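Q: sequence and predicted model, in that order:
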Amino acid sequence: MTIPVPREFSFSECLTFLLRSPREILHRVEGGVVRKAIGVEREPILVEIQERNNALDVHHYPGGITESQRKFIGQYIAQWFDLETDLKSFYALARKDALLGGLVKQYHGYRIVGQPDLHESLTWAILGQQINLGFAYTLKQRFVEQYGHSLEHGGQRYFLFPEPSTIARLAPEQLLPLQFSRQKARYVVEVARAFHEGRLSTESIRQLPFEDAKTELRKIKGIGNWTANYALMKTFRFPQAFPAEDAGLHNAIRNLKGMRAKPTIEQVRTLFKKYKGWEAYATLYFWRSLG
DNA sequence: CGCCAGGTTAGAG
DNA sequence: CTCTAACATGGC
């Protein structure tokens, strides 16, 4: 199938992001092609994505799929690469901005490569809380290999993110051998249980306005402002979502402004007033500046 | 060894 | 409401 891409879109910039960790377990990038297993009605289907003639060219295995599976895959990929967002007005704003001007020129077309599944995005955010990114990827790799379904293609194994029902059954202690802290283990199981017991779903949060969605997410233990905003940005594409507490964002702002110390959260909020309505994309390009 | 890392919670003031 | 300690462990 072929998926058209918007004007301000750079597949190679998105690939750079997808390549950032050698320990990434949920997709592979080789020679301009991304391969990933997508769970369609709980069955893993392998998709191969590459850019061709200003569109995404998608192949899938097995080849024979139903129309609804096809539709699901198309929507998943469009959400994954955030193809629906029109960046024109963000770029108009950012081009005139001292901090973002160079970044949006240098990384033009870079989009928020997200996680269309809320369970995945919340769990990944919890894994990344308070630890360095490399170790977070190690934890994710162990977690997915241990509990995720998979399929094999071309001599490679492709994993799906674990199902909430699988994780909901665990006692948090069972995650300690993977080197989860007790707190992370508790949070991860708690989030899975919220999905499994129907207290939380991608669809129910998607229908809510931004502030209500944030409030709902924060009711769950382990989800604070940082994690809620991360998910609202990566899963639901709220353009105003951004984690003001984020250490990486603080470092980026310090570097770009030549500050001696990292900005306080209040300074970050003040700075971000000028990006109102585009906080998520401003954050993305600040993160990108970290290299 | 010390400090920091894509924080959150519970509890104190 | 704001502030702080505890949590826990790898990477540099």
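A: Arrived safely, thanks for sending.
Q: tell me which residues in stretch A:28-41 are buried?
A: A:28, A:29, A:34, A:35, A:36, A:37, A:38, A:39, A:40 (16 or more other C-beta atoms under 10 Å). Quick note: C-beta positions are derived from backbone N, CA and C, even for glycine.
Q: and the first one, what are its bridge partners?
A: The bridge-partner assignment for residue A:28, based on DSSP bridges, gives residue A:35.
Q: OK, contacts around it?
A: A:34, A:35, A:36, A:156, A:158 (C-beta atoms under 8 Å, 6 or more residues apart in numbering).
Q: get me the contact residues on chain A for DNA strand B.
A: A:20, A:125, A:128-133, A:183, A:218, A:220-228, A:230, A:234, A:245-248, A:251, A:262, A:287 (C-beta under 7 Å from any atom of the strand).
Q: hang on, the earlier thing: out of the buried residues of stretch A:28-41, who's nearest DNA strand B?
A: Ranked by distance to DNA strand B (C-beta to the nearest atom of the strand), the buried residues of stretch A:28-41 are led by residue A:29 at 15.4 Å.
Q: for chain A, give me the ranges with low pLDDT.
A: By pLDDT under 70, chain A has no low-scoring segment.
Q: before we move on, back to that, just flag the most distant two among the buried residues of stretch A:28-41.
A: A:29 and A:40 (21.3 Å; C-beta to C-beta).
Q: need the contact list for whichever residue of the stretch 101-250 of chain A sits closest to DNA strand B.
A: Nearest residue of the stretch 101-250 of chain A to DNA strand B (C-beta to the nearest atom of the strand) works out as residue A:224 at 2.8 Å. Shown in contact with residue A:224 (C-beta under 8 Å, 6+ apart): residue A:218.
Q: distance of it from residue A:209?
A: Separation of residue A:224 from residue A:209 (C-beta to C-beta, to the nearest Å) stands at 20 Å.
Q: okay, now the domains of chain A?
A: Chain A is divided into the following domains under automatic domain parsing: A:2-84, A:86-107+A:240-291, A:118-234.
Q: closest one to DNA strand C among the ones you listed?
A: domain A:118-234 (2.8 Å).
Q: so is the closest one next to DNA strand C?
A: Yes: counting by C-beta under 7 Å from any atom of the strand, contacts between domain A:118-234 and DNA strand C involve A:130, A:131, A:132, A:134, A:135, A:138, A:176, A:179, A:181, A:182, A:183.
Q: tally of neighbours for the second one?
A: Think residue A:131. 13 (other C-beta atoms under 10 Å).
Q: who's in contact with it?
A: By C-beta under 8 Å, 6+ apart, the neighbours of residue A:131 are residue A:139.
Q: now the helices for chain A?
A: Ranges of helices in chain A, per DSSP state H, are A:11-18, A:67-80, A:88-95, A:101-106, A:118-128, A:133-147, A:164-168, A:182-196, A:202-206, A:210-218, A:225-234, A:247-257, A:265-272, A:279-288.
Q: so can I have TSV of the ones you listed showing distance to residue A:46 and mean neighbour count?
A: Converted to TSV, the helices of chain A look like this (distance: least, C-beta to C-beta, whole Å; neighbours: other C-beta atoms under 10 Å):
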stretch	distance to residue A:46	mean neighbour count
helix A:11-18	16	17
helix A:67-80	10	16
helix A:88-95	33	15
helix A:101-106	33	16
helix A:118-128	17	24
helix A:133-147	16	17
helix A:164-168	21	18
helix A:182-196	24	20
helix A:202-206	22	13
helix A:210-218	31	16
helix A:225-234	23	24
helix A:247-257	32	17
helix A:265-272	39	15
helix A:279-288	28	23
